[in-house]
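1. Show me how the following folds:
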Amino acid sequence: QVQLVESGGGLVQPGGSLRLSCAVSEFSLDHYAIGWFRQAPGKEREGVSCISATDDSTIYSDSVKGRFTISQDYAKNTVYLEMNNLKPEDTAVYYCAAPRRSSCGPRPFADFASWGQGTQVTVSS
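-> Just a heads-up that it's a prediction; the model follows:
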């Protein structure tokens, strides 16, 4: 059974940084894309970023482009989300997820089958 476990969330001041990790088991990052999503209280879940297994190509939502960076370590079977210049509106539970495909596009935030339990990120002074 596919398992994804997020870690690295916490409380950070505006302008600060955090790095989230998504440890993957029961499948290899060589075969599946991985996406990061977030859900703030009272809001719908939104896609944040996706990285493809085929060529390490990446996709970002407009709200995080230029501030967040997704990457993956095949040896550790772990995907990271480096978040810089954090804003209060980035506050949310962040989830990593895997679709049943190796590429993100053309619908990078659709059809994700397996999800982690989430990690809380709070940006506040």
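2. pretty sure K87 contacts P14?
-> Yes. Using C-beta atoms under 8 Å, K87 is in contact with P14, at 6.0 Å. Yep, even glycine has a C-beta here, placed from its N, CA and C like the rest.
3. hey, what's in contact with both of the two?
-> Both K87 and P14 are contacted by V123, under the criterion C-beta atoms under 8 Å, 6 or more residues apart in numbering.
4. Out of the helices and strands in this structure, which is least certain?
-> Sorting the helices and strands of the chain by mean pLDDT, DSSP states H and E puts strand 112-115 at the bottom, at a mean of 93.
5. contacts for the next helix or strand after it?
-> Using DSSP states H and E, the helix or strand that follows strand 112-115 towards the C-terminus is strand 119-123. If you take C-beta under 8 Å, 6+ apart as the criterion, strand 119-123 is touched by 6-14, 16, 18, 20, 38, 83, 86-94.
6. ok, now stretch 72-84?
-> Under the contact criterion C-beta under 8 Å, 6+ apart, stretch 72-84 has outside partners 17-25, 28-30, 34, 36, 48-49, 51, 56, 64, 67-71, 90, 94, 96, 121.
7. Then stretch 42-60?
-> Contacts of stretch 42-60 (C-beta under 8 Å, 6+ apart): 29-39, 61, 63-64, 68-72, 79, 81, 92, 94-95, 102-105, 108-109.
8. if you set the cut-off to 7 Å instead, what comes out?
-> Residues outside stretch 42-60 that contact it (C-beta atoms under 7 Å, 6 or more residues apart in numbering) are 29-39, 61, 64, 68, 70, 72, 79, 81, 102-105, 108-109.
9. rewinding a little: so for the least confident helix or strand of the chain, what gets flagged as buried?
-> For strand 112-115, a neighbour-count test (16 or more other C-beta atoms under 10 Å) marks F112, S114, W115 as buried.
10. who's in contact with G105?
-> Residues near G105 by C-beta under 7 Å, 6+ apart: I59.
11. host element of the residue nearest the centre of the chain?
-> Note on the chain: the residue nearest the mean C-alpha position is W36, at 2.3 Å, using C-alpha atoms, centre = their mean. Using DSSP H and E, W36 sits in strand 34-39.
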